[in-house]
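Visitor: Structure here, sequence nowhere to be found:
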């Protein structure tokens, strides 16, 4: 069974003017922070540098009226972090948007998938 | 009036297994080829190199069961190109998906937009 037999997946970026955007990477980072309680550990799970993970969270914290992550302590490997109420809401809205988009556009996605070439071996 | 007062915009990539994806860039390129009848000219309008535009079209042509663009002649600056029936259909489906997603997720988009910080001058 070939990959293209599977449903296509979506990577959605929601862009807010010039000020910021949220996409699959930031959403996944938020999700992992919520799960593992640490920005550094969440970044590691995504093979993301400590610096990069903190940058992304800094961008998100500045982008919304309230911070999305509350980090109690810094330092590589240490420090706890939790999603704020805003952070949970942003993540939930992003995930809900993905679901709505996928359901609403199921006809288009299926029509596109049916037009894809099915090549088992060629590059 | 600040940018974040405007509706957020979407950048959607539809990913088909490991074999390919279509997103905003390829869709815009197809649209411009349909309008200006040339891969090179369409690429120039997007500040894209001749080579890059042809690469993207090559990828799309290989990705679907039928080519998306029919190019009658190559060479920088020359050569005509038209969207095939498949190309028009792929573009239409992608655009229709964007519309469906935006409409279906309007509630989530508006809720996210309302949470964005509104800073007129800060970086």
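Guide: Great, that's in hand. Nothing here was measured: the structure is a model prediction, and the numbers come from that model.
Visitor: Show the contacting residues for residue A:109.
Guide: A:7-8, A:102, B:14, B:97 (Cβ atoms under 8 Å, 6 or more residues apart in numbering or on different chains). Any C-beta I mention is one placed from the backbone N, CA and C, and that applies to glycine too.
Visitor: A helix includes it, no?
Guide: Yes - counting by DSSP: H, G, I helix; E, B strand; the rest coil, residue A:109 is part of a helix.
Visitor: Pull the residues that contact the helix of greatest length in chain A.
Guide: Assignment by DSSP state H gives helix A:85-104 as the longest helix of chain A. Residues from elsewhere that reach helix A:85-104 (Cβ under 8 Å, 6+ apart): A:10, A:12, A:14, A:22, A:27, A:30-31, A:33-34, A:60, A:64-69, A:83, A:109, B:12, B:97, B:100-101, B:103-105, B:108-109, B:111-112, B:115.
Visitor: filter those residues to the buried ones?
Guide: A:10, A:12, A:14, A:22, A:27, A:30, A:33-34, A:60, A:64, A:67-69, A:83, A:109, B:12, B:97, B:100-101, B:104-105, B:108-109, B:111-112, B:115 (16 or more other Cβ atoms under 10 Å in any protein chain shown).
Visitor: Would you map the strands across chain A?
Guide: For chain A, applying DSSP state E gives strands covering A:9-16, A:20-22, A:69-71, A:81-83.
Visitor: Between helix B:85-104 and the longest one, find me the angle.
Guide: Using axes from the mean of the first three to the mean of the last three Cα atoms, to 10 degrees, the direction of strand A:9-16 lies 60 degrees away from that of helix B:85-104.
Visitor: Strand A:9-16 and chain B, are they touching?
Guide: Yes - residues of strand A:9-16 contacting chain B under Cβ under 8 Å from any Cβ of the partner chain: A:9-16.
Visitor: Same check on the third one?
Guide: No - no part of strand A:69-71 sits near chain B under the criterion Cβ under 8 Å from any Cβ; the closest distance found is 14.4 Å.
Visitor: and the residue nearest the centre of chain A, what is it in contact with?
Guide: Taking Cα atoms, centre = their mean, the centroid of chain A lies closest to residue A:27, which sits 2.4 Å from it. With contacts defined as Cβ under 8 Å, 6+ apart, the neighbours of residue A:27 are A:91, A:94-95.
Visitor: Kindly provide the distance from it to chain B.
Guide: 11 Å (Cβ to the nearest Cβ, to the nearest Å).
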